[in-house]
Every structure is written in structure tokens, then in C-alpha cells.
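A structural model of the following input is requested.
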Amino acid sequence: MGALAAAALVVGATACGTGDSVYDLAPPARPGQPAGTVLVTGSSSFTETVTRIQDAIAKAGGTVSQVVDHAADAKAAGVTIPANTVVIGGSPAAQLPLLRGDQSAGAVLPERYLIRQGANGVATVTYDGADYVAAVAGVGAAPATRALASEIATVAAMGAGVRTPPMAAPLVGVTPTGFLLTTAGTSSVGSTVAQLRDNVGTPSTVVATIDLAAGSENPGPALRATTEVLVSTPEAEAPLIAAAPSFGLEMPMRFVVWDDAKGVTQIGYPDVKLLAARHGLPVADPNVVRLANDAARLAALAAGSAA
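Below you'll find the predicted structure:
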């Protein structure tokens, strides 16, 4: 059996009409560095690195959309994990080329930078490489990803205090097939987003709503309505992050709602099982199943198709 075949296992799992999905059940080749990510060992403390990443996003012309302290959320849920924070943000210049190629790219944008506390007190920064973002977004490589690749390397280097980040881990086992699960809505983007938000109940919370089309008309063409909603469920997320700290990169869950070329509202969200498998977590873990079921339920309610 070849290396790639040994790294992948087909699991009969059908969701939203996408057919069988391929779940890479092998653990990351390098501990803490899943396929397609860049892992940078910084030169500063955890707290300093979190601040520096935010400053670097701003200096690159971007906006920090959200900072999620997974350790604090886990503590509130009764789980103790080492310092683990994800900073989410970026600039329109880096995002719009991909979003104009496919609005569903909003499921992996803005870029996420995961800062973790190292055993020696020095922080690490993990983020998705531009090739991974392009692959799962269904958008070709350069020139669509050129601005993104440049920006994320600059932000990571400034945030971590290094001259040049290392190369991303290979995309072994990564498949864009079935990454994004979608369902068509019956209302406008605005109404669908409102419906999604309204149906997020305790213990889950909406942590951010991001208008990805804002400002896209200058320079144009303007992007059709595209909004991302971030939903956190610490009770389910914390045990998974405790088992695989790099999974903090994927949380909170993201939903992207957009007006497609035919004027139909679409609701998309990543297959949580694919996300879990990328970080070496078993797809049958009860918390993975819970997150997957919650995501499907919220999408159906937002679409107006729930029974």
C-alpha cells in the first residue's frame, strides 16, 4: 500500500447530498502541525504574541474580526487546557480575489492564527497555508492566492518575531471533496443570517458576524452579499482541543451565507468530521458528532427546511 493510500480511509458518510467523504484518519505527520498548516516557533511569550499578531494584521491593512480565548472558554465549561487563542482577521485585498472566484471561500476566510503556549514558555503560531485555503475553497492557486500568501506570511513573521516563516506542511490526505456542506435557503442573505443567529441557543453562542462583501465595490466589482457567522460551543470544543490542541485553529464553527450567481441564498459550513480528521481526532468522537449535528441543524433552520 502506498503512503497516500495508507494515510487515507474512506468512510461511508453522506451529508447534504455530497456523497461519500474521505476522512484522513492518520495523525499529523508532525505533532501539532496538520496537513496544509504552517507552524512557527516564536520568540516572545504567549501574551506578547497574541498582541503582535493583532498589530501585524492591522499593519497589513486588515481588520481583526475576532479573538477567541479557547482556554478561558474551556475553563468556563469545566475543562482545563494550556493557553490556546485564535486570532481571526485579514485585509480585503487578500480576501477578495478568492471570494470573487468563489464566495464559498468565506468558509476559510478571514485567515486564522492559532497561538499556543510552548513548554519552554515561548509561543507558537499555526495558520493555514495559502495552498490549503485555495484547495478547500475550490479556487485555483496564484494569482488568486498571491495577495493572501504574502499577507499571511508577513503577519505570521511579524507576530512570531521571525524573519521568514517555514514552509507549510504538505497537503497529504487533504481533499476539497465534501469540505463544505451546503443547503439552499428561501430568504435573503440578511434574513437567513438573522434566522441562523436567532436559532443559536445555550450553550452555544454567536461570537461574530462578518460582512465579507463590505467595501468590495472599491475597487470593484462589488461582491454579492456574503456573510460569515462564527458559532462557539465550548462544552464540545474544549475536550477536542484538549486532545488535539491544534484543533483550536478550526474553532469556533463558521457558517458562510451568500447570494449565488442565480440569486439563490446558500448556507455553507465545513464538514466537522473532515476538520477533526485533519488534526488526528476520531470522527466518531461524541463531541465531533455533536458539533456536526448542531451545524447541520442550524443550517437547516436558517434555510427554512428543518422539520
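
going forward, measure contacts and count neighbours with C-alpha atoms only.
Fine.

Can you name every helix or strand that the lengthiest helix in the chain contacts?
The single longest helix within the chain, with elements called by DSSP state H, is helix 286-303. Packing partners of helix 286-303 (3 or more CA pairs under 8 Å, 6 or more residues apart in numbering; DSSP states H and E): strand 180-184, helix 189-198, helix 234-243, strand 265-270, helix 272-278.

Quick check: which ranges of the stretch 51-200 of the chain have low pLDDT?
Residues of the stretch 51-200 of the chain meeting the criterion pLDDT under 70: 141-142.

Sketch out the strands for it, chain order is fine.
Per DSSP state E, counting those that start in this stretch, the stretch 51-200 of the chain carries strands over the ranges 63-69, 84-90, 112-117, 123-128, 180-184.

Columns mean neighbour count on top of these, output as CSV?
Below are the strands of the stretch 51-200 of the chain laid out as CSV (neighbours: other CA atoms under 10 Å):
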stretch, mean neighbour count
strand 63-69, 18
strand 84-90, 24
strand 112-117, 26
strand 123-128, 25
strand 180-184, 21
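
Among those strands, which comes closest to Pro286?
strand 180-184 (19.7 Å; CA to CA).

Pretty sure Ala276 sits against Asp285.
No: using CA atoms under 8 Å, Ala276 is not in contact with Asp285; the gap is 9.1 Å.

Comparing the two, which residue is more hemmed in?
Using other CA atoms under 10 Å as the criterion, Ala276 and Asp285 rank with Ala276 on top: 22 against 12.

show me the contacts for the more buried one.
By CA atoms under 8 Å, 6 or more residues apart in numbering, the contact list for Ala276 reads 247, 282-283, 288.

Would you mind measuring from the spatially closest residue to Ser44 that is not a sequence neighbour to His70?
Sequence neighbours aside, Val122 is the residue nearest to Ser44 in space, at 5.7 Å (criterion: CA to CA, 6 or more residues apart in numbering). Val122 sits 18 Å away from His70, going by CA to CA, to the nearest Å.

With Val162 instead?
Distance of Val162 to His70, computed by CA to CA: 25 Å.

Give me the more crowded residue out of these two.
Shown here are Val162 and His70; by other CA under 10 Å, His70 has more neighbours (27 against 16).

wait, what's in contact with the more buried one?
83-86, 234, 238, 248.

now with 10 Å?
76, 80-86, 232, 234, 237-238, 241-242, 245, 248-249, 251-252 (CA atoms under 10 Å, 6 or more residues apart in numbering).

Give me the buried subset of those residues.
With burial judged by 16 or more other CA atoms under 10 Å, the buried subset of the contacts of His70 is 80-86, 232, 234, 237-238, 241-242, 245, 248-249, 251-252.

Of the strands of the stretch 51-200 of the chain, which is nearest Ala295?
That would be strand 180-184 among those, by CA to CA, at 9.7 Å.

Dump that closest one to CSV, keeping only the CA atoms.
Output of strand 180-184 as CSV, limited to C-alpha atoms (Å, rounded to 0.1, in the frame of the first residue of the first chain):
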residue,chain,number,x,y,z
LEU,A,180,-18.1,22.5,2.5
LEU,A,181,-21.6,21.2,3.2
THR,A,182,-24.3,23.5,1.7
THR,A,183,-28.0,23.9,1.6
ALA,A,184,-30.1,26.4,-0.3
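
neighbouring contacts of that strand?
In this structure, residues lying in contact with strand 180-184 by CA under 10 Å, 6+ apart are 15-18, 104-105, 107-108, 136-138, 255-260, 264-272, 274, 295-296, 299-300, 302-305.

Show me the helices in the stretch 101-250 of the chain, by range?
For the stretch 101-250 of the chain, the helices defined by DSSP state H, counting those that start in this stretch occupy 130-137, 146-160, 189-198, 234-243.
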